[in-house]
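Peer 1: got a predicted structure here, sequence first:
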Amino acid sequence: GVPAQLAGGAQPNWQHPDTPKTATGHPAGSWVCLNCRNINFPTRMTCNTKICGRPRHEVDGGEPNAANMVDHTLHPQQRVAAAA
């Protein structure tokens with residue numbers, strides 16, 4: 001089912017306007033996957049892309065910044081190839 005905090009239309013904590021953000025505008029604690037360069041929410045313990053799904057402890061590239069952010073113009077499979 002729908003989590004109780006979302007049932008009434010409330011935003012999840014990471015989307016709340018008062019949630020601290022990184023310099024790139026992502027929720028504080030977000031991390032970049034070193035395998036596919038996807039930006040993951042702080043609560044994710046695995047990469048959120050279907051082609052990757054690697055455990056955070058293996059691929060946590062730290063907080064998003066201009067050098068490690070994904071190029072969204074590329075198809076996800078191209079991102080994995082580009083990161084390799």
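Peer 2: Happy to help now that I have it.
Peer 1: partner residues bridging Ile39?
Peer 2: Ile39 forms beta bridges with Val32, as assigned by DSSP bridges.
Peer 1: and if you look at Lys21?
Peer 2: Residues in a beta bridge with Lys21, per DSSP bridges, are Pro27.
Peer 1: how many neighbours does it have?
Peer 2: Other residues lying near Lys21 total 13 when counted by other C-beta atoms under 10 Å. C-beta coordinates here come from the backbone N, C-alpha and C atoms, glycine included.
Peer 1: before we move on, what about the one 10 residues further on?
Peer 2: Using other C-beta under 10 Å, Trp31 is surrounded by 21 other residues.
Peer 1: count the neighbours of the nearest residue to it once chain neighbours are set aside for me.
Peer 2: The shortest distance from Trp31 to any non-neighbouring residue, by C-beta to C-beta, 6 or more residues apart in numbering, is to Asp60 (4.9 Å). Neighbour count for Asp60, taken as other C-beta under 10 Å: 17.
Peer 1: residues in contact with Asp60?
Peer 2: With contact set as C-beta atoms under 8 Å, 6 or more residues apart in numbering, Asp60 has these partners: Trp31, Val32, Cys33, Leu34.
Peer 1: now distance to Thr24 too, for those residues, in a markdown table please.
Peer 2: Shown next, in a markdown table, are the contacts of Asp60 (distance: C-beta to C-beta, whole Å):
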| residue | distance to Thr24 |
| --- | --- |
| Trp31 | 12 |
| Val32 | 10 |
| Cys33 | 15 |
| Leu34 | 17 |
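Peer 1: now, which of those residues sits nearest Pro42?
Peer 2: Nearest to Pro42 among the contacts of Asp60 is Trp31, at 7.2 Å by C-beta to C-beta.
Peer 1: tell me where this structure has helices.
Peer 2: Applying DSSP state H to the chain gives helices spanning 4-7, 56-59, 76-83.
Peer 1: give the rounded mean pLDDT of the last one.
Peer 2: So the one you mean is helix 76-83. Throughout helix 76-83, pLDDT has a mean value of 62.
Peer 1: please apply the same query to stretch 53-67.
Peer 2: 90.
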